[in-house]
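S.K.: Provide a 3D model corresponding to the input given below.
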Amino acid sequence: MREKPPLFEVSDLTVVRGGVRVLEVPAFTLQENETVALVGPNGSGKSTLLLTLASLLPPATGRILFRREPIGSSTAALAYRRRLAMVFQEPLLFDATVYNNVAAGLKIRKLPRAEIRERVMACLERFNIVHLAERSARKLSGGEAQRTSLARAFATRPELILLDEPFVALDPPTRQALTDDLERALRESGTAAVITTHDQLEALRLADRMVVLQAGRIVQEGPPAEVMHRPATEFVAGFVGMENILTGTVHSCADGLLTLEVSGREVDIVGAGAPGEQVVVCIRPEHVLLATRDPNHSTSARNVFPATVERIVPQGLYHKVYLACGFPLVANVTSQSLASLALHPGSEVFASFKATAVHLLRKGQAATSC
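M.R.: Here you go, the predicted model:
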């Protein structure tokens, strides 16, 4: 069966600002019905790439194809923009009613009045703002305004929707509700989308593919769960929440199991390597378990270390527990577990994690498998 071509293709793209190259993307594609999340810290190039994809920021070099047609000329770019919609961090609404804001793109396209009303009402319902139809956009809350922006974007039935951190300014409950509505709208409409976000959970929820940017370059891309659990570099590991990043040396290897030396302690992991090889050990904090009794005889975890609690930092529904066990370690603990273990700075505990919970990064060239 012949493979379907990408909806969107970018090659050899560079963007220059103030004489400085701020974006360098050799290749980027977007498939039909796919949602891609662009993630990275401030200044990594997420919004620059999104604005370039929207044809709002001219590249210095490169080629952008939409359905295999170049969009480089001003005429082609204008036609292309009519086939996409964009939602920004701050809702850009007209001084008009919610209904007329959602209808604006349809009126520009000169659709029949009956069709405009049908589409507008469907989108107002999709984003739960039918009751706001006659309210002035100036009297909306932040969440209501962003719902209106999303409804307006989907009303035109775009082939592509670009979203630049649309929920960053909203409170957590509103953000969660809007994420739910956006996920459903994308799934039901089949619209392809690119969204920039700092929120890894948002990316996990919405995206089919996660693209991580650092200093204007793509450093890793793949399914969100794969990027979160198998980061390609120390930078990606730190960004996606692998707070335990330690340097070690391969001590021995046998039958697919490595024994590493990390700050004088032995750590067993599943993997391959060569004795003497320098490696980086990455462990997500939610994979570190705590107990007040030695769990050696009641757990399948190969790695168990006596540890001292150094500090505890509340993080909403859970707490970050910072430990010293010959090397620094961070564990995520629920409030219930914190109370049942009676943890406090100075508590003596046992920290454990499975050999399969460790992700290994190479330092230098890859080693020969054991």
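S.K.: got the CA coordinates for the longest helix anywhere in the chain in CSV?
M.R.: Identified as the longest helix of the chain according to DSSP state H is helix 172-189. This file holds the C-alpha atoms of helix 172-189, laid out as CSV (Å, rounded to 0.1, in the frame of the first residue of the first chain):
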residue,chain,number,x,y,z
PRO,A,172,-5.3,24.5,37.0
PRO,A,173,-9.0,23.6,37.1
THR,A,174,-9.8,25.7,34.0
ARG,A,175,-6.7,24.5,32.3
GLN,A,176,-7.7,20.8,32.9
ALA,A,177,-11.2,21.4,31.6
LEU,A,178,-10.0,23.1,28.5
THR,A,179,-7.4,20.4,27.8
ASP,A,180,-10.3,17.9,28.0
ASP,A,181,-12.4,19.9,25.5
LEU,A,182,-9.4,20.5,23.2
GLU,A,183,-8.5,16.8,23.2
ARG,A,184,-12.1,15.8,22.3
ALA,A,185,-12.3,18.5,19.6
LEU,A,186,-9.1,17.3,17.9
ARG,A,187,-10.2,13.7,18.1
GLU,A,188,-13.7,14.3,16.7
SER,A,189,-12.7,16.7,14.0
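S.K.: In that helix, which residues are buried?
M.R.: For helix 172-189, a neighbour-count test (16 or more other C-beta atoms under 10 Å) marks 174-175, 177-179, 181-182, 185-186 as buried. Using the backbone N, CA and C atoms, a C-beta is placed for each residue, glycine as well.
S.K.: May I have the very next helix or strand once past that helix as PDB, with CA atoms only?
M.R.: Next helix or strand after helix 172-189 toward the C-terminus (DSSP states H and E): strand 192-197. Extracted C-alpha coordinates of strand 192-197, given in PDB (Å, rounded to 0.1, in the frame of the first residue of the first chain):
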ATOM      1  CA  ALA A 192      -3.900  18.100  12.600                       C
ATOM      2  CA  ALA A 193      -2.400  20.300  15.300                       C
ATOM      3  CA  VAL A 194       0.900  21.700  16.500                       C
ATOM      4  CA  ILE A 195       0.900  23.000  20.100                       C
ATOM      5  CA  THR A 196       3.700  24.500  22.100                       C
ATOM      6  CA  THR A 197       3.800  23.900  25.800                       C
END
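S.K.: Strand 192-197 vs helix 172-189, what angle?
M.R.: Angular relation of strand 192-197 and helix 172-189 on a 0 to 180 degree scale: 160 degrees, by axes from the mean of the first three to the mean of the last three C-alpha atoms, to 10 degrees.
S.K.: Show the low-confidence segments of the stretch 1-150 of the chain, by residue range.
M.R.: 1-3 (pLDDT under 70).
S.K.: quick one: the strands in the stretch 101-250 of the chain?
M.R.: Applying DSSP state E, counting those that start in this stretch to the stretch 101-250 of the chain gives strands spanning 160-164, 192-197, 209-214, 217-222, 244-254.
S.K.: Can you flag the weakest of those by average pLDDT?
M.R.: With a mean of 92, strand 244-254 has the lowest mean pLDDT of those.
S.K.: how far is whatever helix or strand comes next after it from where the chain is centred?
M.R.: With elements assigned by DSSP H and E, the helix or strand that comes after strand 244-254 is strand 257-262. Taking C-alpha atoms, centre = their mean, to the nearest Å, the mean C-alpha location of strand 257-262 is offset from the chain mean by 31 Å.
S.K.: before we move on, the earlier item: which helices and strands sit right next to the longest helix of the chain?
M.R.: Helix 172-189 sits against helix 113-126, helix 142-155, helix 200-206, with contacts defined as 3 or more C-beta pairs under 8 Å, 6 or more residues apart in numbering; DSSP states H and E.
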